[in-house]
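Visitor: what's the 3D shape of this:
(4 chains)
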There are 2 protein chains.
Amino acid sequence: MVEQSIRRGRPGYDLESLLAIAVKLFNERGYDGTSMEELSRKLGITKSAIYHHVPSKQELLRLAVDRALDGLFAVTLEARSQEGRAIDRLEHVVRRSVAVLVERLPFVTLLLRVRGNTKVERAALARRREFDQLVTDLVQQAADDGDLRSDIDPSTTSRLLFGMINSVIEWYRPRGDITQDALADAVCTLAFAGLRAP
Amino acid sequence: MVEQSIRRGRPGYDLESLLAIAVKLFNERGYDGTSMEELSRKLGITKSAIYHHVPSKQELLRLAVDRALDGLFAVTLEARSQEGRAIDRLEHVVRRSVAVLVERLPFVTLLLRVRGNTKVERAALARRREFDQLVTDLVQQAADDGDLRSDIDPSTTSRLLFGMINSVIEWYRPRGDITQDALADAVCTLAFAGLRAP
DNA sequence: TTCTTAACCGAACAGTCGGTCAGCCAGCAA
DNA sequence: TTGCTGGCTGACCGACTGTTCGGTTAAGAA
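Guide: Numbers count the residues shown, from 1 in each chain, chains lettered A, B, ... in the order given. Below is the predicted model:
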């Protein structure tokens, strides 16, 4: 079943396998705190070999954050994010965002730590703000529909909401004792129904 | 009214004023992404002058994260964090943590981005975990009292809860249109009562 | 004036940074 | 066997890193 694509040439890393290890290391040490020398040691090849796969360190970052952002924007294009009551669309976006976070954990982790020092980083931040705006609009609509409490303003709501969701990258590990669905349930319950016993 | 403490010697930066600017820059560019040369330019003095005030770059980081951690631990020692029903103690810790976050925003921001590359950073992470454990214990007790819903486990709850709280550093600015109290209210409402219209 | 205190400068240090270049090497296909 | 492709090496570059050191400067106190 598994399409074993036969690679030609000398066996070793391809861009994908190299990127996975790079992103993992970036997340452990921080992007700026990781040198290409350090990365090459982790890969078991020389520094110059990395530049056979990728033209620069910044490009590694771009590839990673784009994978995260593409996943998040794909969520907003899904049917259930675009039709139905705003509050239901919001819940869908929340659930699916948790899923993307988990499935692309290393990439999203890197994205959420970008600070804006370079062009690549600023471009990532811009796309992220775009996503945040879509969510804020959704919260606003749901509040207008009377489905969300009106004593918290929409932008604060969406920020706290996605603050909670995004914090998942800090502690969730797929191997752990909580499944992806259980996590999404916990997030939605806490967000929509609150902590207090019913 | 203002106690103008007369400093002796050549006027200029003291440790406190230097630290404030350093931490601000660290937060903008990232600790690893900020060079001492860059910092010295921002300060308007030479690189070597910084070393008159502080023995190393790492020490700047230590001073900053300790200010954040001291503030958070002080909260747990307050009377209302130690007596009464667990759920009330929890709400008090949440409210006061938001206050500390806001009052010491730059320091807490830096703390929350520490990755653990050096001894200083690992020590900070250890103290942070200690604080997290205290909160988790509180959540556990409140759940045992029947005051918190039991369908989310305590460690997930406390992580999502503090994920939401800590996200405040990403967007809250004191000059903005939402006061510190309103922010704490929003956090508590969302956390305990949920988003859905009552 | 002189002493003390505190902040600062300029030049240099050894080491590390991201990145380049010319060429070598392993495996598949013809 | 040969050609091609894709992956890799080792030596190197200039710029920049955090840190040190000996000397200097500005202010209040004596």
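Visitor: Counting residues, which helix of chain A comes out longest?
Guide: Among the elements of type helix in chain A, defined by DSSP state H, the one spanning the most residues is helix A:119-144.
Visitor: anything in that one near DNA strand C?
Guide: No. Helix A:119-144 is not in contact with DNA strand C by Cβ under 7 Å from any atom of the strand; minimum separation 10.5 Å. C-beta here means a position set from N, CA and C on the backbone, and glycine is covered the same way.
Visitor: For that helix, give the mean pLDDT please.
Guide: Over the span of helix A:119-144, the pLDDT mean works out to 96.
Visitor: Which strands or helices does it pack on?
Guide: Contact analysis of helix A:119-144 by 3 or more Cβ pairs under 8 Å, 6 or more residues apart in numbering or on different chains; DSSP states H and E lists helix A:57-77, helix A:86-103, helix A:154-166 as its packing neighbours.
Visitor: Repeat the analysis, applying 10 Å as the threshold.
Guide: helix A:57-77, helix A:86-103, helix A:105-111, helix A:154-166 (3 or more Cβ pairs under 10 Å, 6 or more residues apart in numbering or on different chains; DSSP states H and E).
Visitor: average pLDDT across the longest one?
Guide: In this model, helix A:57-77 carries a mean pLDDT of 98.
Visitor: Tell me which residues of that helix come out buried.
Guide: Using 16 or more other Cβ atoms under 10 Å in any protein chain shown as the burial criterion, the residues of helix A:57-77 that qualify are A:57, A:60-69, A:71-72, A:75-76.
Visitor: What is the nearest of those to DNA strand C?
Guide: Of all these, the one sitting nearest DNA strand C is A:K57; the distance, using Cβ to the nearest atom of the strand, is 3.5 Å.
Visitor: Nearest spatial neighbour of that closest one, chain-adjacent residues omitted?
Guide: Nearest-residue entry for A:K57: A:M36, 6.0 Å, with adjacent residues in sequence omitted and distances by Cβ to Cβ, 6 or more residues apart in numbering or on different chains.
Visitor: and that neighbour, how many neighbours?
Guide: 15 (other Cβ atoms under 10 Å in any protein chain shown).
Visitor: wait, doesn't it sit right on A:I45?
Guide: No. Counting by Cβ atoms under 10 Å, A:M36 does not reach A:I45; the two are 11.2 Å apart.
Visitor: where does chain A have low pLDDT?
Guide: Applying pLDDT under 70 to chain A flags the ranges A:1-10.
Visitor: can you do 50?
Guide: Along chain A, the parts satisfying pLDDT under 50 run over A:1-4.
Visitor: Backbone dihedrals for A:Q82, please?
Guide: A:Q82 has phi and psi values of phi -120, psi -10 when expressed as degrees, to the nearest 10.
Visitor: same check, this time on A:R196
Guide: Reported as degrees, to the nearest 10, the phi and psi values for A:R196 are phi -60, psi 140.
Visitor: Just list the residues touching it, thanks.
Guide: For A:R196, the contacting residues are B:87, B:142, B:147-149, B:191-194, taking Cβ atoms under 10 Å, 6 or more residues apart in numbering or on different chains as the criterion.
Visitor: repeat that for 8 Å
Guide: Shown here is A:R196, whose contacts under the criterion Cβ atoms under 8 Å, 6 or more residues apart in numbering or on different chains are B:87, B:147-149, B:192-193.
Visitor: so how far is stretch A:187-198 off the chain centroid?
Guide: On the basis of Cα atoms, centre = their mean, to the nearest Å, stretch A:187-198 sits 23 Å off its chain's mean C-alpha point.
Visitor: returning to that earlier point: closest one to DNA strand D among the helices and strands packed on helix A:119-144?
Guide: Closest to DNA strand D of those is helix A:57-77 (Cβ to the nearest atom of the strand; 12.3 Å).
Visitor: can the closest one be found next to DNA strand C?
Guide: Yes. If you take Cβ under 7 Å from any atom of the strand as the test, helix A:57-77 does meet DNA strand C, through A:57-58.
Visitor: And the contacts of that helix?
Guide: By Cβ under 8 Å, 6+ apart, the list of residues contacting helix A:57-77 from outside reads A:15, A:19, A:22-23, A:26, A:31, A:36, A:54, A:81-82, A:93, A:96-97, A:100, A:103-104, A:106-108, A:110-111, A:114, A:118, A:120-121, A:123-124, A:127-128, A:131, A:134.
Visitor: Quick check: buried residues in the longest helix of chain A?
Guide: By neighbour count, and taking 16+ other Cβ under 10 Å as the criterion, the buried residues in helix A:119-144 are A:120-121, A:123-124, A:127-128, A:131-132, A:135-136, A:138-143.
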